[in-house]
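Trainee: sequence? don't have it. structure:
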Ligand code: C5P
């Protein structure tokens, strides 16, 4: 149990897009009664607000542009509330889930100053009784001392299909072939970048969810949490 001197426990769930980490993290947080950090949403927010405010970035982002993005990331007022995302008082919940936002997020996330600006927000969410944090570098960088680290993966085809179903359910228009291409391009950028690349932490438990149901993955992770006295 966390006291004033011991930090609250953290379970990290990292993995590529569509691996099911968001769903797993939300279910885990609900079961344990812990807070939930969707770290990808933070990069999505920075990317969408920068786009809407005309702050440019791309493959050859200049130092001034990076500084503008860092400043923007540092001053945003972000609230996660009952499944919604509020940014400076506006509801951006749907806006940040488009494929355009996904691609843009992976571009701004490759910039170290933006990652630095987001780090404080992420660590600030660690509070008793505990935090479930999902993303790419939760176990390797942000919460390297987490009690339990999961790295969730699945084949690119299955991940594209899951993303397709998710976006369809939200009423967004999507094409499966484009989604697969976009997932593969994002994977390459997330795994290949110098700053906090997508890799499993050395002490992470690797789970391939290609042929597993959500419940099977959840039960497997709950068993690991139990073995560590987290529930
Ligand atoms: O998880 P999600 O698909 O919402 O993340 C969007 C993008 O944000 C990822 O493709 C990745 O580039 C970036 N990201 C990151 N580090 C995290 C979470 C997300 O770089 N911890």
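Mentor: Nice, I can see it. Being a predicted model, the structure only gives us computed values, none of them experimental.

Trainee: hey, let's count contacts and neighbours off CA atoms from now on
Mentor: OK.

Trainee: For my notes, confirm residue 184 occurs in a helix.
Mentor: Yes - assessed by DSSP: H, G, I helix; E, B strand; the rest coil, residue 184 belongs to a helix.

Trainee: which non-adjacent residue is nearest it?
Mentor: Once flanking residues are discounted, residue 184 sits nearest to residue 156: 7.0 Å by Cα to Cα, 6 or more residues apart in numbering.

Trainee: and the gap between the one you found and the ligand?
Mentor: 13 Å (Cα to the nearest ligand atom, to the nearest Å).

Trainee: what's the pLDDT at that residue?
Mentor: Looking at residue 156, its pLDDT reads 96.

Trainee: just checking, it touches residue 182?
Mentor: No - taking Cα atoms under 8 Å as the definition, residue 156 is not a contact partner of residue 182, at 10.3 Å.

Trainee: more crowded one of those two?
Mentor: Neighbour totals were compared for residue 156 and residue 182, and residue 156 leads with 20 against 17 (other Cα atoms under 10 Å).

Trainee: what sits against the more buried one?
Mentor: Neighbouring residues of residue 156 by Cα atoms under 8 Å, 6 or more residues apart in numbering: 180, 183-184.

Trainee: Go through those residues and give me the one with the most neighbours.
Mentor: Taking other Cα under 10 Å as the neighbour criterion, residue 183 ranks highest of these with 23 neighbours.

Trainee: Isn't it up against residue 17?
Mentor: Yes - counting by Cα under 8 Å, residue 183 sits close enough to residue 17 to count as a contact (6.9 Å).

Trainee: Got phi/psi on residue 39?
Mentor: When read as degrees, to the nearest 10, the backbone of residue 39 gives phi -70, psi -30.

Trainee: Just give the nearest non-adjacent residue to it, would you?
Mentor: Using Cα to Cα, 6+ apart and skipping residues adjacent in sequence, the residue nearest residue 39 is residue 135, 5.4 Å away.

Trainee: again with residue 162
Mentor: residue 18 (6.1 Å).

Trainee: any idea what the one you found is structurally, helix, strand or coil?
Mentor: Following three-state DSSP, the label given to residue 18 is coil.

Trainee: and it, how far is that from the ligand?
Mentor: Distance of residue 18 to the ligand, computed by Cα to the nearest ligand atom: 7 Å.

Trainee: what's near enough to touch that residue?
Mentor: 154, 158-160, 162-163.

Trainee: And it, what's its pLDDT?
Mentor: 90.

Trainee: rewinding a little: let's see if you can find the most crowded of the contacts of residue 18.
Mentor: Among these, the one with the most neighbours (other Cα under 10 Å) is residue 160, at 25 neighbours.

Trainee: Which strand or helix spans that residue?
Mentor: Element membership for residue 160 (DSSP states H and E) is helix 156-169.

Trainee: distance between that helix and the chain's centre?
Mentor: The chain centroid and the centroid of helix 156-169 are separated by 16 Å, computed with Cα atoms, centre = their mean, to the nearest Å.

Trainee: circling back to that earlier point, from the contacts of residue 18, list the ones also adjacent to the ligand.
Mentor: Among the contacts of residue 18, not one lies near the ligand by Cα under 6 Å from any ligand atom.

Trainee: Brilliant, that's me finished.
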